[in-house]
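*Asks:* test case, fold it:
(one chain, ligands or ions: 2)
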Amino acid sequence: MNLTVFGIGYVGLVQAAVLAEVGHQVVCVDIDEKKVERLNQGLIPIFEPGLENLVKENHAAGRIKFTTDAKAAVKHGEIQMIAVGTPPGEDGSADLKYVLAVAEAIGREMEAPKIVVGKSTVPVGTCEKIKARIAETLKKRGREDLTFDVASNPEFLKEGSAVADCMKPDRIIVGTSSEGTEAVMRELYAPFNRNHEKMIVMDVRSAEFTKYAANCMLATKISFMNEMANLAEQLGADIEEVRKGIGSDPRIGYHFIYPGLGYGGSCFPKDVRALIKTAEGVKFDAKLLRAVEERNNEQKSVLFDKVSRYFKGNLKGKTFALWGLAFKPNTDDMREAPARNLMEALWKAGAKVQAYDPEAMQECQAIYGLRDDLLLCGTKEAALRGAEALMIATEWKSFRAPSFDALKDALTTPVIFDGRNLYDPKVIARHGIEYHSIGRVAA
Ligand SMILES: NC(=O)C1=CN([C@@H]2O[C@H](COP(=O)(O)OP(=O)(O)OC[C@H]3O[C@@H](n4cnc5c(N)ncnc54)[C@H](O)[C@@H]3O)[C@@H](O)[C@H]2O)C=CC1
Ligand SMILES: O=C(O)[C@H]1O[C@H](OP(=O)(O)OP(=O)(O)OC[C@H]2O[C@@H](n3ccc(=O)[nH]c3=O)[C@H](O)[C@@H]2O)[C@H](O)[C@@H](O)[C@@H]1O
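*Replies:* Ligands and ions are numbered 1, 2, ... in the order given. This next block holds a predicted model:
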């Protein structure tokens, strides 16, 4: 099938590459000229396991193309997929300016019937706004004869496993009340729907809401566990034992109950906030979601508070090693990363940071530039040299079994503040290192 994808970000690029891989002809369009130019030179703008080869192979085979030319792009696709950003506006609600600009472009350029698919995460009612914007634009052109439909098809990929998630989706949500549109969507996703039925078709509004409900449910699980962790610490219980204990109940499950430094990334924080705002819009008080957000905001400072308490508030002039900058492993994305809150709090207190991350160093440099209180180190060992203590903000695999003896030798004060509970407190104690983690009492 011929498909056009608007927005070459985490979602647009990964979906486009995966859909091209199964044989669809995909044209990706973005307003970012540099991004498009670099992609055409074979340079992939984000780190995502498996993405680089997938894009390069499909580009070489001519199944995926990158352009800034909206006219040519709109002409290409029977399906027009909108995968542009929906960042938070000033009040926290989703800003739809990019989505509606795409709707306008489609209305301006289309010359044949189209099926427009909303892939971006958008508040309930947005597909109706997209429809209205396209219709308005067609009216201005005097082309009301051109027919189109708008369906919702939210994305559930996770950064760090985005390619795998799209190749083997748990479910494909399609919001449409049109049999014709449903048939086209079934054809598009047929290669991913072979093993068993994964497509769940529903009305447009329910599909839009399903996306927010899913993200808010996951965010709730995390905030719940962080609350339990903080309480466990006060009660002398070990949250890691509790996690295994409750996870063994299949009604709870082991997934998404890791305590830590609060959820980050480009989606949970913004989507929880956006749904609170949507609720306010219909005079509904989303009490639970407000608590989820509040707990998350507080959680982002728990590690700094532990460090500050340990050093009796005297952090000025001290240098700390930090392992992990990305908001989660296997990505270079630092949007709303807990490491950022941690670094910024340390800097405010007059401390310096020696940081290492396997993928996010360039991103960190781009965000913070050159500064005296930040040293980006080439290895995790280099980050330790001469540092007072170690802090861990991301659970990269390469952090899981370090040489504790070397670590002890490198640090001025042999103490680890672990925001991801990577180690067994007893093992650390055996190496003569002090260990502070989340929701556990030090051994
Ligand atoms: N990042 C993620 O893991 C996931 C994101 N989502 C949702 O998908 C949407 C996109 O997110 P990301 O891919 O992370 O965004 P992103 O910020 O990585 O990429 C968005 C792209 O859209 C482009 N763009 C903006 N206006 C445009 C226009 N008029 N025409 C063409 N391109 C335009 C931007 O230049 C940028 O390259 C958001 O609504 C997000 O909530 C959904 C599931 C997962
Ligand atoms: O809408 C989106 O953008 C996406 O948001 C999340 O994906 P993502 O943000 O990429 O990453 P997650 O693995 O969900 O992690 C989000 C945050 O929660 C934290 N987390 C996750 C799991 C856990 O048990 N504990 C925990 O603190 C992570 O460290 C990270 O900061 C969802 O998992 C995806 O299904 C969704 O498509």
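*Asks:* leaving out chain neighbours, which residue sits closest to residue 89?
*Replies:* Excluding its sequence neighbours, the residue lying closest to residue 89 (C-beta to C-beta, 6 or more residues apart in numbering) is residue 95, at 4.0 Å. For glycine as for every other residue, the C-beta is placed from the backbone atoms N, C-alpha and C.
*Asks:* for the one you found, the count of nearby residues, please.
*Replies:* The burial count assigned to residue 95 is 17, neighbours taken as other C-beta atoms under 10 Å.
*Asks:* please apply the same query to residue 168.
*Replies:* Using other C-beta under 10 Å as the criterion, residue 168 is surrounded by 12 other residues.
*Asks:* roughly how far apart are it and residue 18?
*Replies:* To residue 18, residue 168 is 10 Å away according to C-beta to C-beta, to the nearest Å.
*Asks:* for residue 65, what are its contacts?
*Replies:* Listed by C-beta atoms under 8 Å, 6 or more residues apart in numbering, the contact partners of residue 65 are 26, 27, 28, 59.
*Asks:* so how far is residue 116 from the residue nearest to residue 89?
*Replies:* The spacing between residue 95 and residue 116, counted by C-beta to C-beta, is 19 Å.
*Asks:* kindly report the same for residue 191.
*Replies:* For residue 191, the distance to residue 116 under the criterion C-beta to C-beta works out to 22 Å.
*Asks:* now swap in residue 404 and tell me
*Replies:* Between residue 404 and residue 116 the distance is 56 Å, computed by C-beta to C-beta.
*Asks:* so between the two, which is more surrounded?
*Replies:* Between residue 404 and residue 116, counted using other C-beta under 10 Å, the more crowded position is residue 116 (25 against 17).
*Asks:* hang on, the more buried one in a strand?
*Replies:* Yes. Residue assignment for residue 116, taken from DSSP: H, G, I helix; E, B strand; the rest coil, places it within a strand.
*Asks:* and the strands in the stretch 301-443 of the chain?
*Replies:* Across the stretch 301-443 of the chain, reading from the start of the chain, the strands by DSSP state E, counting those that start in this stretch fall at 319-323, 352-356, 374-376, 389-392, 415-418, 434-436.
*Asks:* between these, which gets nearest to residue 177?
*Replies:* Closest to residue 177 of the strands of the stretch 301-443 of the chain is strand 389-392 (C-beta to C-beta; 49.0 Å).
*Asks:* partner strands of that closest one and their direction?
*Replies:* Sheet pairing here is set by DSSP bridges, and for strand 389-392 it gives strand 319-323 (parallel), strand 415-418 (parallel).
*Asks:* can you list contacts of the first one?
*Replies:* Residues outside strand 319-323 that contact it (C-beta under 8 Å, 6+ apart) are 307, 339, 342-343, 346, 351-357, 380, 383-384, 386-394, 396, 399, 411.
*Asks:* change it to 6 Å
*Replies:* The set of residues that contact strand 319-323 without belonging to it, under C-beta atoms under 6 Å, 6 or more residues apart in numbering, is 351-356, 380, 383-384, 387-392, 399.
*Asks:* buried subset of these as a ChimeraX selection?
*Replies:* Selecting just the buried residues from these in ChimeraX takes one command, with 16 or more other C-beta atoms under 10 Å as the test:
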select :351,352,353,354,355,356,380,383,384,387,388,389,390,391,392,399
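*Asks:* show me where the stretch 1-150 of the chain has strands.
*Replies:* 2-6, 25-29, 64-67, 79-82, 114-118, 148-152.
*Asks:* could you check how many residues crowd around the closest residue to ligand 2 within the stretch 151-300 of the chain?
*Replies:* Nearest residue of the stretch 151-300 of the chain to ligand 2, counting by C-beta to the nearest ligand atom: residue 267, 2.9 Å away. Residues within reach of residue 267, counting by other C-beta under 10 Å, total 24.
*Asks:* equivalent analysis for residue 427, please.
*Replies:* Taking other C-beta under 10 Å as the criterion, the count of residues near residue 427 is 13.
*Asks:* what of residue 244?
*Replies:* Neighbour count for residue 244, taken as other C-beta under 10 Å: 12.
*Asks:* where's residue 260, which helix or strand?
*Replies:* Under the criterion of DSSP states H and E, residue 260 resides outside all helices and strands.
*Asks:* what number of residues lie near it?
*Replies:* A total of 27 residues lie near residue 260 under the criterion other C-beta under 10 Å.
*Asks:* cheers, nothing more for now.
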